[in-house]
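Undergrad: after the sequence you'll find the predicted model.
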Amino acid sequence: MKGLLTMGSTAPSSDGTNISGTSAPGANTSGIKDELVDALGARELGWRYKALPAAAHGRSAGDYVASGVSLAELQTPLLTLDAAAMAANVAHMARWCAQKGVLIAPHGKTTMAPQMWRNQLESGAWGITLANASQLRVGHEFGLRRVMLANSLTDPQAITWLAGAQGPDFSVVSWVDSLQTVALQEGVLAGSPGAVLDVIVELGGAGGRTGVRSIAGALEIARAIRAATHLRLVGVGGYEGSLAHTADVADLATVGGYLSGVKELHEQLLAEGLYAPGAELIVTAGGSAYFDDVVNVLGSCRAEATDSSPQIDVIIRSGAYMVHDDGFYRGISPFARGGEAAAGQAPFASAMHAWARVVSQPEPGLAILDAGKRDLPVDEGLPEPQMLGTTLGGPLETLHGASISAVNDQHCFLRFDPATTTVALGDVVRLGLSHPCTAFDKWTLIPVLANTAHPETAHPEAANSNGYQLVDLIHTFF
């Protein structure tokens with residue numbers, strides 16, 4: 001598996017070893033075109049990338065990383081990733097899936113970062129999940145070989161494009177949840193002889209998001225697909241995360257009941273012979289909050305192909321696990337609660353942090369930071385003040401008793417007790433964040449540091465030999 005240094009540069013790791021090099025030209029051994037991912041290292045840095053100071057302008061991304069830059073040479077506001085934490089999270093999930101006998105198609109919309117997709121694919125991911133037609137085009141551009149589109153295509157332009165773009169090197173499975181969708185796709189493709197889209201029937205639930213609301217309705221859709229000319233039914237699935245938002249008894253019961261419905265639908269589709277003959281079948285559910293319940297309920301659907309029965313794979317689609325967080329997922333991840341935690345599963349580690357500088361102290365106990373909604377996610381909880389230092393990349397101390405009380409477009413309100421905590425103009429605060437899905441979309445380029453697990457040991461005069469060393473620059477494509 002390649003390290004997180006994916007751009008062809010040769011920056012050493014924190015212990016002086018090389019993390020990774022470039023791939024062989026034309027290689028596509030991991031389900032994505034390596035040469036296209038590696039080529040990101042040649043991108044010229046400039047004013048478009050707010051994560052980097054002007055001193056980086058005019059240099060290539062790969063050369064900048066290889067030059068031995070540290071956190072101390074960057075600027076605030078800033079979002080950074082932790083290479084060691086991400087590698088550990090990816091390996092942890094890969095081991096767990098292998099032990100449970102399920103596959104994973106990580107939801108790529110979380111990061112929209114082909115470099116990170118490649119790491120997940122090289123760790124055994126079945127493919128990458130995406131959410132809409134524009135994301136599909138990004139995946140196609142970077143040579144993704146297998147994609148699950150967790151959505152229904154109803155835009156004629158998108159349907160026509162996919163019918164022409166798909167093939168052995170770009171296999172896509174999309175969802176349908178209504179007879180109208182079946183009819184619409186059939187109508188759009190009527191003028192494309194031989195065009196066939198692989199689809200799964202999406203089961204939803206009352207009060208949820210998309211998905212047909214009953215098993216009877218799903219069977220009716222499946223029969224329409226079976227009779228269609230341009231569609232091929234290859235699976236069943238949905239998303240339990242739209243039906244619950246906590247790990248309390250009621251929400252877990254809702255999730256369990258929904259997943260039992262997905263299983264029942266799959267069994268009825270098999271019994272009625274509605275799946276496409278000869279197809280490898282998919283049963284899919286599972287975001288980052290309830291993937292353990294998905295495996296507990298749907299894991300038994302998995303089956304090896306025989307002379308008389310098809311291959312059936314159970315695929316989860318967790319997207320946040322690689323980065324994790326210090327908020328919503330820290331509390332609800334199956335590795336942090338319930339049976340998996342009780343069985344000894346180590347929790348994922350948060351691999352993202354924000355860094356913000358004090359720009360004003362208008363009153364005692366209040367400091368205004370230079371990061372806001374344009375830089376930080378706030379939809380699943382406000383940022384968490386964790387550490388305080390006098391300089392970016394310098395030693396940090398734990399920030400006790402502080403909180404973020406409000407976030408404006410470009411500023412955070414840091415509240416603290418002036419009797420016990422000293423905060424000065426220009427000080428730097430490390431913030432824990434909640435919800436990576438709405439963190440990445442605010443940054444076109446994200447610096448990756450080697451290992452920030454012990455920031456209190458960092459010293460700027462030794463920055464290139466500790467975890468604050470820059471080892472990668474992640475490009476996003478939202």
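TA: Here it is on my side, so go on. Since this is a predicted model, take the numbers as computed values, not measurements.

Undergrad: going forward, measure contacts and count neighbours with C-alpha atoms only.
TA: Fine.

Undergrad: just checking, Leu179 touches Ala224?
TA: Yes: look at Leu179 against Ala224 with C-alpha atoms under 8 Å: they come within range, at 7.1 Å.

Undergrad: where do the helices sit along the protein?
TA: With helices called from DSSP state H, the chain shows them at 34-38, 61-66, 83-100, 114-122, 133-141, 156-165, 179-188, 215-227, 249-272, 291-298, 328-332, 338-342.

Undergrad: residues contacting Ile104?
TA: Neighbour list for Ile104: 97, 125-127, 315-318 [criterion: C-alpha atoms under 8 Å, 6 or more residues apart in numbering].

Undergrad: oh, I was asking about Leu376
TA: So Leu376 contacts 354, 383, 433, 438-439, 442 (C-alpha under 8 Å, 6+ apart).

Undergrad: most widely separated two among those residues?
TA: Greatest spatial distance among the contacts of Leu376 (C-alpha to C-alpha): Pro383 and Lys442, at 14.8 Å.

Undergrad: who has more neighbours out of those two?
TA: Using other C-alpha atoms under 10 Å as the criterion, Pro383 and Lys442 rank with Pro383 on top: 26 against 18.

Undergrad: for that one, which non-adjacent residue is closest in space?
TA: Leu433 (4.9 Å; C-alpha to C-alpha, 6 or more residues apart in numbering).

Undergrad: list the residues that contact that neighbour.
TA: Each residue near Leu433 by C-alpha under 8 Å, 6+ apart is listed here: 325-327, 352-354, 376-377, 381-384.

Undergrad: the residue most distant from the middle of the chain, which is it?
TA: The centre of the chain is farthest from one residue, Ala419, which by C-alpha atoms, centre = their mean lies 41.1 Å away.

Undergrad: state the distance from that residue to Gly401.
TA: Using C-alpha to C-alpha, to the nearest Å, Ala419 is found at 11 Å from Gly401.

Undergrad: re the thing from before, okay, the residue farthest from the centre of the chain: pLDDT?
TA: As predicted, Ala419 sits at a pLDDT of 96.

Undergrad: enumerate every residue touching it.
TA: Under the criterion of C-alpha under 8 Å, 6+ apart, Ala419 has no neighbours.

Undergrad: just to revisit the earlier point, now tabulate the contacts of Leu376 in CSV and tack on pLDDT.
TA: Below are the contacts of Leu376 laid out as CSV (pLDDT from 0 to 100):
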residue, pLDDT
Ala354, 98
Pro383, 98
Leu433, 98
Thr438, 98
Ala439, 98
Lys442, 98
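
Undergrad: which of the residues you listed sits closest to Gln75?
TA: Ala354 (11.2 Å).

Undergrad: how much space separates the closest one from Ile312?
TA: 42 Å.

Undergrad: what do you get for Leu366?
TA: 57 Å.

Undergrad: between the two, which is the more surrounded one?
TA: With neighbours defined as other C-alpha under 10 Å, Leu366 and Ile312 compare such that Leu366 has more, 21 against 18.

Undergrad: measure the closest residue in space to the more buried one that isn't next to it in sequence to Ala250 for me?
TA: Spatially, and ignoring its direct neighbours in sequence, Leu366 is nearest to Arg415 (4.9 Å; C-alpha to C-alpha, 6+ apart). Counting by C-alpha to C-alpha, the gap between Arg415 and Ala250 amounts to 35 Å.

Undergrad: these two: which is more packed in?
TA: More crowded of Arg415 and Ala250, by other C-alpha under 10 Å: Arg415, with 18 against 11.

Undergrad: residue contacts, the more buried one?
TA: 365-367, 402-405.

Undergrad: Val314 now?
TA: By C-alpha under 8 Å, 6+ apart, the residues touching Val314 are 102-103, 282-284, 298-299, 301-302.

Undergrad: could you do Ala228 as well?
TA: For Ala228, the contacting residues are 182, 186, by C-alpha under 8 Å, 6+ apart.

Undergrad: leaving out the residues flanking it, which one is nearest to Ala150?
TA: Excluding its sequence neighbours, the residue lying closest to Ala150 (C-alpha to C-alpha, 6+ apart) is Ala131, at 5.4 Å.

Undergrad: hang on, the one you found packs against Met112?
TA: No: with contact defined as C-alpha under 8 Å, Ala131 does not count as touching Met112 (10.5 Å).

Undergrad: max-length strand in the protein?
TA: In the chain, taking DSSP state E as the definition, the longest strand is strand 352-363.

Undergrad: CA atoms of that one as CSV?
TA: Provided in CSV are the C-alpha atoms of strand 352-363 (Å, rounded to 0.1, in the frame of the first residue of the first chain):
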residue,chain,number,x,y,z
MET,A,352,-8.4,16.5,11.2
HIS,A,353,-7.7,19.6,13.1
ALA,A,354,-8.1,23.3,12.5
TRP,A,355,-5.6,26.0,13.5
ALA,A,356,-6.8,29.5,14.2
ARG,A,357,-5.1,32.7,15.5
VAL,A,358,-6.3,35.2,18.0
VAL,A,359,-7.0,38.5,16.1
SER,A,360,-8.8,40.4,18.8
GLN,A,361,-9.6,40.5,22.5
PRO,A,362,-12.4,42.9,22.8
GLU,A,363,-13.4,42.0,26.4
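
Undergrad: please name the bridge partners of Val201.
TA: Here Val201 sits in beta bridges with Val176, Val236, as judged by DSSP bridges.

Undergrad: what does the lowest-mean-pLDDT helix or strand in the chain rub up against?
TA: None of the helices or strands of the chain scores lower by mean pLDDT, DSSP states H and E than helix 338-342, at a mean of 83. Under the criterion C-alpha under 8 Å, 6+ apart, residues 292, 334-335, 347 lie in contact with helix 338-342.

Undergrad: redo that, cut-off 6 Å
TA: Helix 338-342 has contacts (C-alpha atoms under 6 Å, 6 or more residues apart in numbering) with Phe335.

Undergrad: what is the neighbour count of Ala247?
TA: Ala247 has 18 neighbours, counted by other C-alpha under 10 Å.

Undergrad: how much space between it and Phe328?
TA: According to C-alpha to C-alpha, Ala247 and Phe328 sit 11 Å apart.

Undergrad: show me where pLDDT drops low in the stretch 151-300 of the chain?
TA: For the stretch 151-300 of the chain, no stretch has pLDDT under 70.
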